[in-house]
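Colleague: Please find the sequence and the predicted model below.
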Amino acid sequence: MTEYVYGTINGLGNTIGNYAVMTMEVPWKLIKDRIGGMPRVVTMVTGLEHNYLDRLVKDLPAVDTVVGVGGGVATDAAKYFAWKRKCSLVLAPTIVSVNAYATPAAAVREPDGRVNYTGSVSPTKVVIDYAAIQAAPRRLNTAGTGDIYSCRTALFDWRLAHEKTGESYDENIATGSQHILDTLVANADEIKNVSEKGIRTLVELNIETNRLQVLAGKARPEEGSEHIFFYTLENLTKREFVHGEVVGTGIFVLTHFQSAEEDNVASVMDRMGLMFRPRDYGITHEQFIDTTVGMKQYAREKKMFFSVLDTVEVSKDDAEKLWRKLSA
Ligand SMILES: [Zn+2]
């Protein structure tokens, strides 16, 4: 069982034996004078390429524990290392927009550029250091709401798939997803302010969404057609985005086709401080239109899960109307 420590990383290094740190410049600076003890080695992780990670596993000295300090890359590198070396793993995420600390597999980039999820490792401890997290740009933390608020559109799609295709559906898990949504919205102000309570809420909801996905044996409780918007845009632009922000755009767009409640959803996302408008992360009008109109076909090509997109037409007019709302 993973122990979650909410507060500070101070003194951790004195309690975990010989340890290595996987991190990056910015997060390491925030905690290196407080972590305690003396790491045997501190590695500034440069990426998640499979060869590179294997080299770290081969070259670094023997340690009892590896500590991952930072965002997704440092976290995944530490997970991979702990899995291969069979040493203890401690994670100290310094932004809460990625949930790598709450999932068992490590993301690894293969030579062809694809990301694979490999291994299974669970940290002995996850340390939520409020000071480090609050030092990060606010939007990187509020972006963590994207992959939680997506339960809203995901639940709609899951129920629709059950109704139209007979796909298995679990009412208890769906109720759990709904509870996640309610908790998220109830804490919108704390989350927007990245207060300690807001941070803790995001972490706990990330853990809970992951738990429900494992229980369901699929991503349905949290992933729906809003992610198809993300995948289509990513494929079209070949660009990297802050995942949760684009998922937020997807929630807005797909809510329009599900229930026409996109204005509602926009005001909730604004209250949480999620930067979900295309201008926030800089895609063009044309890219937005092509993504919105192209989602259906992309989902079909990639044989993705059944969703509202299988039951509606998406016209260029619809896309233009949504763009105007998002640009207002
Ligand atoms: Zn996601």
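Modeller: That came through fine.
Colleague: Below-threshold pLDDT in the stretch 1-150 of the chain: ranges please.
Modeller: Regions of the stretch 1-150 of the chain meeting the criterion pLDDT under 70 are absent.
Colleague: Centroid-nearest residue for this structure?
Modeller: Taking C-alpha atoms, centre = their mean, the centroid of the chain lies closest to residue 98, which sits 3.7 Å from it.
Colleague: Run a quick neighbour tally on residue 200.
Modeller: 18 (other C-beta atoms under 10 Å). The C-beta positions use only the backbone N, C-alpha and C, and glycine is treated the same way.
Colleague: check contacts around the residue nearest to the centre of the chain.
Modeller: The neighbours of residue 98, taking C-beta atoms under 8 Å, 6 or more residues apart in numbering as the test, are 71-72, 75, 144, 243.
Colleague: neighbour-wise, which of these leads?
Modeller: Highest count within the contacts of residue 98 by other C-beta under 10 Å belongs to residue 75, 31 neighbours.
Colleague: For the stretch 201-328 of the chain, which segments count as strands?
Modeller: With DSSP state E, counting those that start in this stretch, there are no strands along the stretch 201-328 of the chain.
Colleague: before we move on, the earlier item: hang on, the residue nearest to the centre of the chain in a strand?
Modeller: No. Under DSSP: H, G, I helix; E, B strand; the rest coil, residue 98 falls outside any strand and is assigned coil.
Colleague: measure it to residue 143 for me?
Modeller: According to C-beta to C-beta, to the nearest Å, residue 98 and residue 143 sit 9 Å apart.
Colleague: Kindly report the same for residue 258.
Modeller: With C-beta to C-beta as the criterion, residue 258 and residue 143 are 22 Å apart.
Colleague: Same check on residue 205?
Modeller: Counting by C-beta to C-beta, the gap from residue 205 to residue 143 is 14 Å.
Colleague: can you check residue 210 too?
Modeller: Counting by C-beta to C-beta, the gap from residue 210 to residue 143 is 17 Å.
Colleague: again with residue 274
Modeller: From residue 274 to residue 143 the distance is 7 Å (C-beta to C-beta).
Colleague: What of residue 228?
Modeller: Distance from residue 228 to residue 143, by C-beta to C-beta: 19 Å.
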